[in-house]
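Q: Give me a model of this one.
(one chain, ligands or ions: 1)
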Amino acid sequence: MRVHGEHYRTIWLMPGDQSVVQIIDQRPLPHHFVIEDLRTVDEMAVAIKDMHVRGAGLIGAAAGYGMYLAALHAPQGDEKAFMKALEAAGETLKATRPTAVNLEWAVRRQLAAIEAAAGIPGKIEAALSTAQLIADEDADFCRRIGDHGVHIIEEISRRKHGDVVNILTHCNAGWLAFVDYGTATAPIYAAHNRGLKVHVWVDETRPRNQGASLTAWELGQHGVPHTVIVDNVGGHLMQHGLVDMVITGSDRTTYTGDVGNKIGTYLKALAARDNNVPFYAALPSSTFDWEQRDGLQIPIEQRDGDEVRYITGLHDGELVTVLLTPEDSPAANYAFDVTPARLVTGLITERGICEASEEGILGLYPEKRRQ
Ligand code: MRU
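A: Modelled structure (predicted):
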């Protein structure tokens, strides 16, 4: 997508040096645009854990490139030692963040591709091509999510005789959370590009403020009208007919349609149901957990309470961090919650839109049906 008019993805290989992976460091956004170089799997693990990169799809792509960096630095003389180092690298990456299933999915995919390739140079080549494939596929799937999801917005726009369609989104499931396009934002970008009038209510999304800092920034870069709201406003707007639909992303969706996503999503879905506002989750197939039936079993990351106690922003051109709470008040920081399938109007995937139910999902992914 565009940054100051130039096209970027969120992760790529350094031009002219294939041993370096480059990312957009998302921590200083929207105030500073910084590109970071990563040379080892440990650097990649820190970048994922400390959220230089974040969002389910991008975490998956980052894990793919992390495995490639691990292959470059693994023992080159002995295949057994090489594979052992790669397995250890996979464990390091998987331990960084537990909720987004894309991470373990990408590590599993890399290990299978590396294992299957012959000879160490062949294994390194396989790690590189698989990392690139994961990234390209992620961008392509997000673009297709946009192609499918835009029909829902078109339909609402028709019903409103071309008046503005107001869409509420939570956190950042935009292109910054993926390799390109995003999931929740892809239908919005597609609608905007087709000339439909759209306006986005952007939940600020405490404590990391992915909405206020990232979604607002990327919508602005693309010229999409939007308004940032604090997290508790959505219900009020829905009661007053100011929200036509909600679209969020997902970090892990069970094969029965329960949607794990950024903390606070569940409350938006409850308010949406109470006000007859359609609630959609948009996700690529890499975000389905094909093993998990019950959403309440999804592992929920708990992060450092200091992310709740402190806040960072721009003051006199400098990024400064200030304390919000009493010095000695502890804080709990649950990063995700689960929206039960019954509250979800539909899932927007790269293969189309389906009901949030086992039958609906398997209708789009029949190859996942258990025998
Ligand atoms: O903690 P994050 O920023 O990695 O979480 C990301 C989200 O929860 C997003 O909202 C999104 O919906 C899932 S990732 C596209």
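Q: which residues are in contact with the longest strand anywhere in the chain?
A: Counting by DSSP state E, the longest strand found in the chain is strand 17-25. With contacts defined as C-beta atoms under 8 Å, 6 or more residues apart in numbering, strand 17-25 is touched by 8, 10-14, 33-39, 44, 47, 52-53, 62, 65-66, 68-69, 72, 128, 176. All C-beta spots, glycine's among them, are computed from the backbone N, C-alpha and C.
Q: swap in stretch 354-362?
A: Contacts of stretch 354-362 (C-beta under 8 Å, 6+ apart): 253, 255-259, 281, 288, 341, 344-347, 363-364, 368-369.
Q: before we move on, the earlier item: what's the next secondary structure element after the longest strand of the chain?
A: strand 34-38 (DSSP states H and E).
Q: Tell me the strands beside that following strand, with direction?
A: With DSSP bridges as the test, strand 34-38 is paired with strand 17-25 (antiparallel).
Q: May I see the buried residues of the partner strand?
A: 21, 22, 23, 24, 25 (16 or more other C-beta atoms under 10 Å).
Q: ok, now stretch 286-306?
A: 286, 287, 288, 289, 292, 295, 298, 300, 303.
Q: Please identify which of these is nearest to residue 230.
A: Nearest to residue 230, judged by C-beta to C-beta, of those is residue 303 at 20.0 Å.
Q: then stretch 146-163 to CSV, C-alphas only?
A: In CSV, the C-alpha atoms belonging to stretch 146-163 read as follows (Å, rounded to 0.1, in the frame of the first residue of the first chain):
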residue,chain,number,x,y,z
GLY,A,146,-11.3,-7.2,-0.5
ASP,A,147,-12.9,-8.4,-3.8
HIS,A,148,-15.4,-10.5,-1.9
GLY,A,149,-16.1,-8.1,1.0
VAL,A,150,-16.7,-5.1,-1.2
HIS,A,151,-20.0,-6.6,-2.3
ILE,A,152,-21.4,-6.3,1.3
ILE,A,153,-20.5,-2.6,1.3
GLU,A,154,-21.9,-2.1,-2.2
GLU,A,155,-25.2,-3.6,-1.0
ILE,A,156,-25.4,-1.3,2.0
SER,A,157,-24.5,1.7,-0.2
ARG,A,158,-27.4,0.7,-2.6
ARG,A,159,-29.8,0.5,0.3
LYS,A,160,-28.7,3.9,1.4
HIS,A,161,-29.1,5.3,-2.1
GLY,A,162,-25.3,6.1,-2.4
ASP,A,163,-25.1,7.8,1.0
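Q: Is it positioned near the ligand?
A: No. Using C-beta under 6 Å from any ligand atom, stretch 146-163 stays clear of the ligand, coming no nearer than 13.8 Å.
Q: phi, psi of the residue of the stretch 51-200 of the chain at minimum distance from the ligand?
A: Using C-beta to the nearest ligand atom, the single residue of the stretch 51-200 of the chain nearest to the ligand is residue 171, 2.8 Å away. As for residue 171, its main-chain torsions (degrees, to the nearest 10) stand at phi 60, psi -150.
Q: show me the biggest helix of the protein in terms of residues.
A: Of all segments of type helix in the chain, defined using DSSP state H, the longest is helix 120-159.
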